[in-house]
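1. Make a model of this:
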Amino acid sequence: MFPDDIGLAVPAPGAPHVDICPPSLQDKDFLATADRIALRPVPYSTPSGWTAPSGSRPLVYLTLGTAFGTAELLTTAIRGLTTLGVRVVVATGRVPVKELGDLPDGVTAEAWVPQADLLPHVSLVVHHGGSGTTLGALAVGAPQLLLPQGADQFANADAVTAAGAGLSLAPVDVTADAVADQVLSLLGHAGHREAARAVAEEIALMPSPDEVARALPDHV
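-> Numbers count the residues shown, from 1 in each chain. Okay, the predicted model is just below:
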């Protein structure tokens, strides 16, 4: 996807290019280019021994990435989530954990979590709409609530919502109540999870990194 005004250029005609975006979310004109090489997006985290928290309540992953997060936005989302009785894992990124203050029961916050290890265990992801988190959540079939802040995040949010795999809130609309309402809708509406799982199946059918790497000499 090539949203306007963020400095991305469409590959030149005749230049092979690798595309990790699942076809149902990709721009149709770009999808039709002959030199597109599909590549399955595979989340990766350095092995750390970290384990996801256990429990019977739904697990929600909250992150705003490393460039756009603020303590105010994180605490607003946390306030909304804790009204729903879910468990929450927060990756605070550039925001020091201490700036979140005293956290309610059921909320765990760390500066960094191994996202690839956590995502298979979550019921829902609330995030900024960065490509890594967006594709990682889609790959495991997890519905998403996107809170885009800048860069490509608005385009990612539009693509996910158009596919039915999530919902989004514009910056001016983010309140604790709005987050709670949207998350409740996502958790209670089977259609969003079914749409997310459909995209996950699509991603699983994309060529693996190993397959693509072996074929790259054919494109040189």
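
2. Beyond the helix or strand of the chain with the lowest mean pLDDT, next helix or strand please.
-> Every helix and strand of the chain was ranked by mean pLDDT, DSSP states H and E. The lowest is helix 28-31, at a mean of 78. Next helix or strand after helix 28-31 toward the C-terminus (DSSP states H and E): strand 36-38.

3. elements contacting the next helix or strand after that following strand?
-> Remark: after strand 36-38, the chain's next helix or strand is strand 59-63, criterion DSSP H and E. Judged by 3 or more C-beta pairs under 8 Å, 6 or more residues apart in numbering; DSSP states H and E, strand 59-63 is in contact with helix 71-82, strand 87-91, helix 115-118, strand 124-127. Any C-beta I mention is one placed from the backbone N, CA and C, and that applies to glycine too.

4. one more time with 7 Å
-> With contacts taken as 3 or more C-beta pairs under 7 Å, 6 or more residues apart in numbering; DSSP states H and E, strand 59-63 sits against helix 71-82, strand 87-91, strand 124-127.

5. Averaged pLDDT, the shortest one. What do you get?
-> So the one you mean is strand 124-127. Averaging pLDDT along strand 124-127 gives 97.

6. chain center to it, what's the gap?
-> Chain-centre distance of strand 124-127: 7 Å, with C-alpha atoms, centre = their mean, to the nearest Å.

7. The second one too?
-> Counting by C-alpha atoms, centre = their mean, strand 87-91 is centred 14 Å from the centre of its parent chain.

8. Please save the CA atoms from the next helix or strand after that strand in CSV.
-> Note on strand 87-91: by DSSP H and E, the next helix or strand toward the C-terminus is strand 107-110. Taking Å, rounded to 0.1, in the frame of the first residue of the first chain, the C-alpha atoms of strand 107-110 are listed here in CSV:
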residue,chain,number,x,y,z
VAL,A,107,-3.0,-5.2,33.4
THR,A,108,0.7,-6.0,32.8
ALA,A,109,3.0,-3.3,31.3
GLU,A,110,6.5,-3.7,29.9
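
9. What pairs with strand 107-110, parallel or antiparallel?
-> Next to strand 107-110 in the sheet, as set by DSSP bridges, lie strand 87-91 (parallel).

10. contact partners of the partner strand?
-> With contact meaning C-beta atoms under 7 Å, 6 or more residues apart in numbering, strand 87-91 is reached by 53, 55, 57-63, 74, 78, 81, 106-110, 112-113, 118.

11. Domain-wise, how is the chain divided?
-> Following automatic domain parsing, one finds the domains of the chain at 17-44+204-219, 59-200.
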